[in-house]
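curious how this folds, go ahead:
(2 chains)
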Protein chains: 2
Amino acid sequence: MSSTQPQDRPFFTEQHSEDVVIARAGPNANPRVKQIVDSLVRHLHAAVKETEPTIEEWMTAIQFLTKTGQLCTDWRQEFILLSDTLGISMLVETINNRKPAGETESTVLGPFHVSNAPRYANGSNICLDGKGEPLWVAGQVKDVAGNPIPGAVLDVWQANEDGFYDVQQKGIQPDDNLRGIFMSDEHGRYFFRSAYPRYYPIPDDGTVGQLLRTLDRQPNRPAHLHFIVSAPGYLPVTTHIFTPDCPWLRDDAVFGVKESLIAKFHRSADAVRAERLGMSAPFWEVEWDFVLRREAK
Amino acid sequence: MSSTQPQDRPFFTEQHSEDVVIARAGPNANPRVKQIVDSLVRHLHAAVKETEPTIEEWMTAIQFLTKTGQLCTDWRQEFILLSDTLGISMLVETINNRKPAGETESTVLGPFHVSNAPRYANGSNICLDGKGEPLWVAGQVKDVAGNPIPGAVLDVWQANEDGFYDVQQKGIQPDDNLRGIFMSDEHGRYFFRSAYPRYYPIPDDGTVGQLLRTLDRQPNRPAHLHFIVSAPGYLPVTTHIFTPDCPWLRDDAVFGVKESLIAKFHRSADAVRAERLGMSAPFWEVEWDFVLRREAK
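Residues are numbered from 1 along each chain as shown, chains lettered A, B, ... in the order given. This is a model prediction of the structure:
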C-alpha cells in the first residue's frame, strides 16, 4: 500500500491538472499504455483549458460518447465512424503505411470489405446487377523500379449505381455484386469489367450524423473503387481509386482522398472498342498502375 | 451543394491532417460546437502523431470506448467514471468554480447525492445504522469578510463504515442513512452528529477498472463528507471535507482532493463531553467553516 502512496504525489490544482493525473500511474504500469494515456491526458486537459466547457457542455459530451457506444452492434460501429469523420482513422492508417519511395498510397479500409470474394480471370465482369454505365479497369502492378510483378493479387470492391454495397442490400443486390479477386498476369497486368462508381453517404442517422449536421458538414464519400493489392515479398496496400469528377472529391466525409489516388476516367462512345472489351457503348475506361515496395528482410 | 465544395479545400496529408479536418466545417456550423471540436481535433491528432498507434492499438481504443458506452445504464455511468479517473471532471468542475477571494473550494459532486434528503435540526444524528465511531461536525458559514451567514442550507452525505452510501445498499442500510439537510443558526453556526467516514473504491469491474489496473493505479477515494452549502444571495459550493489520516489522501482515484479541503479531525476519550454532545466516547470531532461569496448582481 505504501508504494502507491508516495508523499510527493501532488494534490489537484487547475494549473497542474495534467501532471497530477500523469504522476498517479504506478511502477508496474504497462509502459506503452501509459505513454498513450499520458499523451491523451495532456492533450485532453489542454483542450479543456482552451475551451473551458460549462458543466452542461461536459455532460453533453458524456451523453454523446455514451450514445455512440450504445449505437454499436455487430452490424454498426459508430465509434469507428466517429474516428473516420474526425480524420483519426485516416491519420492512423497513413502513419502505419508511409510510402517514401513512390509506392501507391494507402487509404481507409472501410466497413464493406469481405473475405473470400469470388476469384475471377482477368477480363471478367464483376457487375452482376447490370446497373450503371460499363467500366473497363486495367493496369499494371509493379515495383518501385518499374519492374512488373506477376502473380499479384488484387481484391476489388465498390458500391453499385445506387450507392450501396452488396452487403448493405442482401436480397436486393446479387451476392458478391461488384467485388472480386484478380491476379496479375506474366506482365504484371490486370483487367476487368465493372460499373462506373457513385458517391454515397456514410450512415448519418446516429450521433456522428448529428455531429456532422451541427458542424455544417455533408455525409458523402466521393465515388471510388476499393483495392487491396498484395504480392509475395512485397508490402500490401489498401487503397482506393477516385473518379476525378465527383462533386464530393474535396469533401470526403472520412478524409480518404489523397491527391495521388485520383485517377483519369475516360468516357467513350466507341462501339467497336466496347464490343472488343465485351461491353456496350457508351462506357468508361480507367488505366491505373499499383506500385509496391519489397518487404524488408 | 457548391457552397460545401470550395476548390481550396485541401486533400488529406499526414502533415496537415488537423487543418484538413477543421477546414471542413461549413459556414452554418454551430460556432461553439466548432470551437470545442476544433480544439479536440487539434489535440487528438497531436496525440496520435506523438504516439503513432498501430492499427491494433487504434482498434483496442475503439473497442474500449464502445464497451465503456455499453456499460452505461440508468444506474451506472462508465463514461463519467472515465472522465473522473482522467482528471477531466475535476478540471471542468474547477474551471467553472474558481474561488479567487478565499472562498471554500469546490470538488466533484459524485454520483451519490439525492434530492430531498431529510431536514434536521442542528445537533441531530444522521447516522441511522449505528455503525462506526461517532463524529461531531460543527462550524460556521460565513462570507469572505468573515461575517456569519444565518439561514444557509447545508446538504450533507457520506458513506458508512463499510464504505457504501445508503443508495448503494437499499434494504441493507436504513433509507437516508448518513445524509441530511441542516440550516445555519443566527450566528451562522451548524452542528450535527454522524460517524467517522471511511474510504471506498469506485466501481472497478468495468473498462475504467481495467484501465486503472493497466496503469498500476488503485481505485479508492479517500474518506470524506460531501457538502453542498448555499444561501440566498451567495454562490453555492459543492465540496468535500477530507480526513487527514486516510491512506489514500494523496491517491484519490478521481483527483477530488484539494489541499484546502483537508480538515483536522480530533479523536477524544472525554466521556463527559461525549455525553454532553449526545454521543459515547471515544468519538471524533471536526470544526469546519464554509466561506461563500456574494453573487454578482
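
who are the packing partners of the longest strand along chain A?
Secondary structure of chain A per DSSP state E: the longest strand is strand A:134-143. If you count contacts as 3 or more CB pairs under 8 Å, 6 or more residues apart in numbering or on different chains; DSSP states H and E, strand A:134-143 packs onto strand A:189-195, strand A:283-287, strand A:290-292. No exception for glycine: its C-beta is placed from N, CA and C like everyone else's.

after it comes which helix or strand?
Going down the chain from strand A:134-143, the next helix or strand is strand A:153-157, by DSSP states H and E.

report the central residue of chain A.
residue A:108 (1.6 Å; CA atoms, centre = their mean).

give the contact list for that residue.
By CB atoms under 8 Å, 6 or more residues apart in numbering or on different chains, the contact set of residue A:108 is A:84, A:89-90, A:93, A:238, A:254, A:256.

now the angle from the longest strand of chain A to strand A:153-157?
150 degrees (axes from the mean of the first three to the mean of the last three CA atoms, to 10 degrees).

and the angle from strand A:134-143 to strand A:283-287?
Using the same axes, to 10 degrees, strand A:134-143 lies at 10 degrees relative to strand A:283-287.

residue B:177 versus whatever residue of chain A ends up closest to chain B, what's the distance?
In chain A, the residue that lies nearest chain B is residue A:69 (1.4 Å; CB to the nearest CB). For residue A:69, the distance to residue B:177 equals 34 Å [CB to CB, to the nearest Å].

what segments of chain A are helices?
Taking DSSP state H as the test, the helices found in chain A are A:17-22, A:31-51, A:55-70, A:78-85, A:88-95, A:207-214, A:271-276.

averaged pLDDT, the last one. What do you get?
Over the span of helix A:271-276, the pLDDT mean works out to 96.

the fourth one now?
Taken as a whole, helix A:78-85 carries a mean pLDDT of 97.

ok, stretch A:143-158 next?
So the average pLDDT for stretch A:143-158 ends up being 98.

stretch A:233-253 too?
For stretch A:233-253, mean pLDDT is 96.

may I have it exported as PDB, CA atoms only?
Provided in PDB are the C-alpha atoms of stretch A:233-253 (Å, rounded to 0.1, in the frame of the first residue of the first chain):
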ATOM      1  CA  GLY A 233       7.700 -10.500 -50.800                       C
ATOM      2  CA  TYR A 234       6.000  -7.100 -51.100                       C
ATOM      3  CA  LEU A 235       4.200  -4.800 -48.700                       C
ATOM      4  CA  PRO A 236       0.500  -4.900 -49.500                       C
ATOM      5  CA  VAL A 237      -1.500  -1.700 -50.000                       C
ATOM      6  CA  THR A 238      -5.100  -1.000 -49.000                       C
ATOM      7  CA  THR A 239      -6.300   1.900 -51.200                       C
ATOM      8  CA  HIS A 240      -9.000   3.500 -53.400                       C
ATOM      9  CA  ILE A 241      -9.100   4.800 -57.000                       C
ATOM     10  CA  PHE A 242     -11.300   8.000 -57.100                       C
ATOM     11  CA  THR A 243     -13.100   9.400 -60.100                       C
ATOM     12  CA  PRO A 244     -12.000  13.000 -60.800                       C
ATOM     13  CA  ASP A 245     -15.400  14.500 -61.500                       C
ATOM     14  CA  CYS A 246     -17.300  13.600 -58.300                       C
ATOM     15  CA  PRO A 247     -18.800  16.600 -56.600                       C
ATOM     16  CA  TRP A 248     -17.600  15.400 -53.200                       C
ATOM     17  CA  LEU A 249     -14.000  14.800 -54.200                       C
ATOM     18  CA  ARG A 250     -12.700  17.600 -52.000                       C
ATOM     19  CA  ASP A 251     -15.300  16.900 -49.300                       C
ATOM     20  CA  ASP A 252     -14.900  13.200 -48.400                       C
ATOM     21  CA  ALA A 253     -16.700  12.800 -45.100                       C
END
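
do that stretch and chain B come into contact?
Yes. Counting by CB under 8 Å from any CB of the partner chain, contacts between stretch A:233-253 and chain B involve A:247-248, A:250-252.

how far off centre is that stretch?
What separates the centre of stretch A:233-253 from the centre of its chain is 8 Å, taken as CA atoms, centre = their mean, to the nearest Å.

same question for stretch A:208-215.
With CA atoms, centre = their mean, you get 20 Å for stretch A:208-215.

report the buried residues of that stretch.
Buried residues in stretch A:208-215, defined by neighbour count with 16 or more other CB atoms under 10 Å in any protein chain shown: A:208-209, A:211-215.

kindly report the same for stretch A:25-33.
Within stretch A:25-33, the residues scored as buried using 16+ other CB under 10 Å are A:25-26, A:29.
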